[in-house]
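Asks: build me a structure from this.
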Amino acid sequence: MQRVRDHNPHGRRLHLPIVSANGAPASDGRKPPWLKVQLRSGPNYRDVQGIVREHGLHTVCEEAMCPNIHECWEEREATFLILGDRCTRRCGFCDVMTAKPDPVDAEEPHRIAQAVVAMGLRYVVLTGVARDDLEDGGARIWAEAIRAVKDAVPGCGVEVLPSDLKGGERDIATVLDAGPDVFAHNLETVRRLHPRIRPAFGYDRSLEVLRFAKRHRPGQVTKSNLIVGMGEGPEEIEQALADLAAAGCDIVTMGQYLQPTKLHLPVDRWVRPEEFAQHAEVGRSLGIAHVEAGPLVRSSYHAGRQLRRAMAARAQVVGGVGL
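Replies: Numbering: from 1, shown residues only. A predicted model of the protein is given here:
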């Protein structure tokens, strides 16, 4: 219970009641067999955990209770959470703490770069909390972190997943000008549910962030994520995919919502693997270069592999293959 209290110190309600799209009661919470995860805590897992602790860093793997943490850490993959572990916004599905943030740690980009070197990483994912308390939303730290990793490990790929930075084009440009290999911003849910589940964000503003990235830095690979099982219908998912395709998004990930605590949005339904496969096919038919969809898929899951597949698909289109 301590974790729940820490993440919701004032005991405020984190979600509005929600039922499935057909009006039936929400899921009873029991997970289907395809969501069972085998935990692996081998030497690499413990080594990565030790490096994260040694450098005083946060990872979204831990803060968001990712179901893939054991698999990824055993394969020496980790997603760093920058700008602290306290977010100024609250989304109904997210387990990252909502609270007044600590002061910005100017040395954090340097420590992340040191950790990347220690882990021997060739591809790094940086995500971060929303920092609406900062004039630039934390854009300066984002840019410094990108440059620090690239300086420490030449040739290392860097993927970033910032908030919308309140839609400020100057601040988004600051992040883009640092040269990330992938610029991601997550849509997360369908238009109808967005105001309820993600009240501090805007559906259209998130799409505009992705469009701006393409305008500001031609050739920039962009990426987004959708979480399903929160009350949306299949046709709404297809519309969200169409909206992302229209925004020029190159990579889309899609996974099952898992309720972090009883204070969070309840699971509406368990989406079967076959439905994920159907949505992936729809996304590809709309022109999205790579769609990674499955019950346990998360935005940063095998992110380097996602980029390689997207680039290969894009090269096929440019070369006239499969047109």
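
Asks: what stretches of the stretch 1-150 of the chain score poorly on pLDDT?
Replies: 1-29, 37-41, 44-45, 48, 59-78 (pLDDT under 70).

Asks: please disregard the earlier target; I meant the stretch 151-300 of the chain.
Replies: Ranges of the stretch 151-300 of the chain meeting pLDDT under 70: none found.

Asks: okay, strands next: where are they in it?
Replies: With strands called from DSSP state E, counting those that start in this stretch, the stretch 151-300 of the chain shows them at 157-161, 182-184, 221-228, 251-256, 290-293.

Asks: tell me which of those lies nearest to P32.
Replies: Of all the strands of the stretch 151-300 of the chain, it is strand 251-256 that lies closest to P32, at 9.3 Å by Cβ to Cβ. For glycine as for every other residue, the C-beta is placed from the backbone atoms N, C-alpha and C.

Asks: with only the CA atoms kept, save that closest one in PDB.
Replies: In PDB, the C-alpha atoms belonging to strand 251-256 read as follows (Å, rounded to 0.1, in the frame of the first residue of the first chain):
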ATOM      1  CA  ILE A 251       6.400   3.800 -36.300                       C
ATOM      2  CA  VAL A 252       3.400   2.900 -34.100                       C
ATOM      3  CA  THR A 253       3.400   0.600 -31.100                       C
ATOM      4  CA  MET A 254       0.200  -0.800 -29.600                       C
ATOM      5  CA  GLY A 255      -0.300  -2.800 -26.400                       C
ATOM      6  CA  GLN A 256      -2.800  -4.000 -23.800                       C
END
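
Asks: could we number from 42 for the rest of this?
Replies: Okay, residue one is now 42; in that scheme the one you just asked about reads as strand 292-297.

Asks: contacts for it?
Replies: Under the contact criterion Cβ atoms under 8 Å, 6 or more residues apart in numbering, strand 292-297 has outside partners 76, 223, 225, 262-270, 278, 282, 285, 311-312, 317, 320-321, 324, 329-340, 342, 347-348, 351.
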